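In: After the sequence you'll find the predicted model.
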Amino acid sequence: MADAIIIATWVFVAVTFVLAIVATHRFPHDGKKPLYHLYYAGVALFLAFLLPTKSQNILFSGFGVVLYGAAIPIYESVRAVCTPGTDDDTSWLQYWVAMGAIFFVGSYLDDYCLAGEAVQFHFHQVEVFLFVWLWLPFTNGSTLLFDYVTGPLLTPIIKPMSEKMGGWLNAIVMTFINAAHLWLVWIFFLFLPTVLKRFMVTAVGSVYPLLASFVAITTADGDDDTFWLTYWSCYGTLYVVVDYLERWLGKVPGFYTGILFTTVYLMLPMFQGADKFFRHVLVPCVGLKEMLLLRDAIDVRNEMMKSLPPGRQSEIRKTIANYFAEDGVTEVNKREIRKSWAWGGSMRTRYGAVSQDANV
């Protein structure tokens, strides 16, 4: 009987994982209907009090927190970055702002305050239900929190804090790089207690990105939303890996120092580490490389159109479309490109004359 319950629980986990992915794609993210929140509360109470104990021990564990709080949001965040437009980037960044705050506070409580398996079990219960409530499209709790609580109350406070902290971090990192004294950080970390090392790594990886992400959401520019969503996708992946390896490598000298340097590499724009890890690791792993290429092409097209006069945009778009429709450069699209650019003396002067023998 016990084995049957465990098997049924794993089947339930797999089914809910698939349904969660489908729901985020098929249904609009609208959490303004109170009835949906009541339904969710009813399901949560059922799972918390009527589910068999063995099933609860699987769902409401570190595994459950990673699955529902990190794995699903990481996949959806990667997908959001790969799709054209930035609306879904902002939506998922709102989730990571809420999740980052909960993760930081939870890490502190887990290390210092949560003694006993029963207390940790109930804390994991709260985390799982809260994370799902934040990203589930029917409840969309992250957007509700930002629109009605964190946005109106914290924006005037967080914006100046984020700007100052960003300047401090860049100055500190550049000081270490220029002085070539990174080994001092390793020595410093070597003698710290494991709990304190973990807390400091978590603080570096979540506090400033949390503030910067909050500011990014409040601005009209979508590029900063995409940058920080890319970071959180990578940092979330790093968190999952560290959470798995920590039990074996946590006491190895240099483990947390390496995690700290990796976090800074992912976080600071000067390194572009998150973008590199995202493009070369995460995107291929989830099979979205073609979708990312399409978004890159659309972004390039939009930037090109900004630099052209409105009267020329339509013809240039047609010329580019004809070029990409062919397999390689042909004599036909060579002539089309020359014809497209060989117009108007003023523009030839501006862009340079196009020779009939030019290699395109």
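Out: Arrived safely.
In: all helices of the stretch 51-200 of the chain, in order?
Out: Secondary structure of the stretch 51-200 of the chain by DSSP state H, counting those that start in this stretch: the helices cover 53-59, 62-66, 72-82, 87-112, 117-135, 141-145, 151-179, 182-190, 194-218.
In: name the helices or strands packed onto the last one?
Out: When contacts are defined as 3 or more Cβ pairs under 8 Å, 6 or more residues apart in numbering; DSSP states H and E, helix 194-218 sits against helix 87-112, helix 151-179, helix 223-249, helix 255-267. Any C-beta I mention is one placed from the backbone N, CA and C, and that applies to glycine too.
In: Reformat those helices as a markdown table; add mean neighbour count.
Out: Listed next are the helices and strands packed on helix 194-218 as a markdown table, based on neighbours: other Cβ atoms under 10 Å:
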| stretch | mean neighbour count |
| --- | --- |
| helix 87-112 | 20 |
| helix 151-179 | 13 |
| helix 223-249 | 20 |
| helix 255-267 | 20 |
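In: out of those, which comes closest to Val283?
Out: Among these, the nearest to Val283 by Cβ to Cβ is helix 223-249 (9.6 Å).
In: how about low-confidence regions in this protein?
Out: Across the chain, the stretches falling below the confidence threshold (pLDDT under 70) are 1-2, 108, 110-116, 155, 158-189, 323, 325-360.
In: now do 50
Out: Within the chain, the stretches with pLDDT under 50 are 174, 176-181, 343-360.
In: picking that back up, would TSV of the helices of the stretch 51-200 of the chain with distance to Lys251 be doable?
Out: Listed next are the helices of the stretch 51-200 of the chain as TSV, based on distance: least, Cβ to Cβ, whole Å:
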stretch	distance to Lys251
helix 53-59	27
helix 62-66	19
helix 72-82	27
helix 87-112	15
helix 117-135	21
helix 141-145	36
helix 151-179	25
helix 182-190	11
helix 194-218	7
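In: Now whatever helix or strand Phe17 lives in: buried residues?
Out: When elements are assigned from DSSP states H and E, Phe17 belongs to helix 2-26. Across helix 2-26, burial judged by 16 or more other Cβ atoms under 10 Å covers Thr9, Val13, Thr16, Ala20, Thr24.
In: can I get the residues you listed in a markdown table with distance to Lys251?
Out: Converted to a markdown table, these look like this (distance: Cβ to Cβ, whole Å):
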| residue | distance to Lys251 |
| --- | --- |
| Thr9 | 32 |
| Val13 | 31 |
| Thr16 | 35 |
| Ala20 | 35 |
| Thr24 | 38 |
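In: From the residues you listed, pick the one nearest Leu293.
Out: Thr24 (22.6 Å).
In: how close does that closest one get to Thr139?
Out: 12 Å (Cβ to Cβ, to the nearest Å).
In: Now the element after the helix holding Phe17, going C-ward?
Out: Per DSSP H and E, the first helix or strand lying C-terminal to helix 2-26 is helix 34-49.
In: That following helix relative to helix 117-135, how many degrees between them?
Out: Angular relation of helix 34-49 and helix 117-135 on a 0 to 180 degree scale: 160 degrees, by axes from the mean of the first three to the mean of the last three Cα atoms, to 10 degrees.
In: Does anything pack onto helix 34-49? Which helices or strands?
Out: Using 3+ Cβ pairs under 8 Å, 6+ apart as the contact criterion, the secondary-structure elements in contact with helix 34-49 are helix 53-59, helix 117-135.
In: Having no further points to raise, I will conclude here.
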